[in-house]
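**Q** Here is a sequence with its predicted model. Questions after.
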Amino acid sequence: MISIKNLERLQKLHRLIVNETTGTPKELATRLRVSERLIFCLLDELKDYEANIAYDRKRKTYFYSDDFELDINISVCTIRAGVITSSFQL
């Protein structure tokens, strides 16, 4: 099961890749406050969703070599006695 935190990380990573401003894997890990290993896991996850991701050593950034969009919608509701008591959407 994918955690909400990892979905948020995937969203941030996607935005950085779209803008071609990821930096090196080490810089990216620092920026997202995760390990380099997790960066590679997140990249693999995007590839599992059929994203074609490449890295440009000269520009030091990841980029999509084909068109790719990622749309993540999360909403959480709590219900007590049939009444919605709280709700939020990311």
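**A** In hand now; what should we look at? Residues are numbered from 1 along each chain as shown.
**Q** can you list contacts of the longest helix seen in the chain?
**A** As assigned by DSSP state H, the longest helix anywhere in the chain is helix 4-19. By Cβ atoms under 8 Å, 6 or more residues apart in numbering, the residues outside helix 4-19 that reach it are 22, 28, 31-32, 34, 38-39, 42-43, 45-46, 53, 62-64, 70, 72, 74, 90. (Each C-beta comes from the backbone N, C-alpha and C, glycine too.)
**Q** at 6 Å instead, please
**A** Identification of contacts with helix 4-19 by Cβ atoms under 6 Å, 6 or more residues apart in numbering yields 22, 32, 42, 62, 64, 70, 72.
**Q** Buried ones in it, by neighbour count?
**A** Neighbour counts over helix 4-19 (16 or more other Cβ atoms under 10 Å) mark 7, 9-10, 13-14, 16-17 as buried.
**Q** Same check on stretch 50-59?
**A** 51, 53.
**Q** got the end-to-end distance for that stretch?
**A** 23 Å (Cα to Cα, to the nearest Å).
**Q** In the following helix or strand past the longest helix of the chain, which residues are buried?
**A** Counting by DSSP states H and E, the next helix or strand C-terminal to helix 4-19 is helix 25-32. By 16+ other Cβ under 10 Å, the buried positions in helix 25-32 come out as 25, 28-29, 32.
**Q** and which of the buried residues of helix 4-19 is nearest to A81?
**A** Nearest to A81 among these: L7, at 29.7 Å, using Cβ to Cβ.
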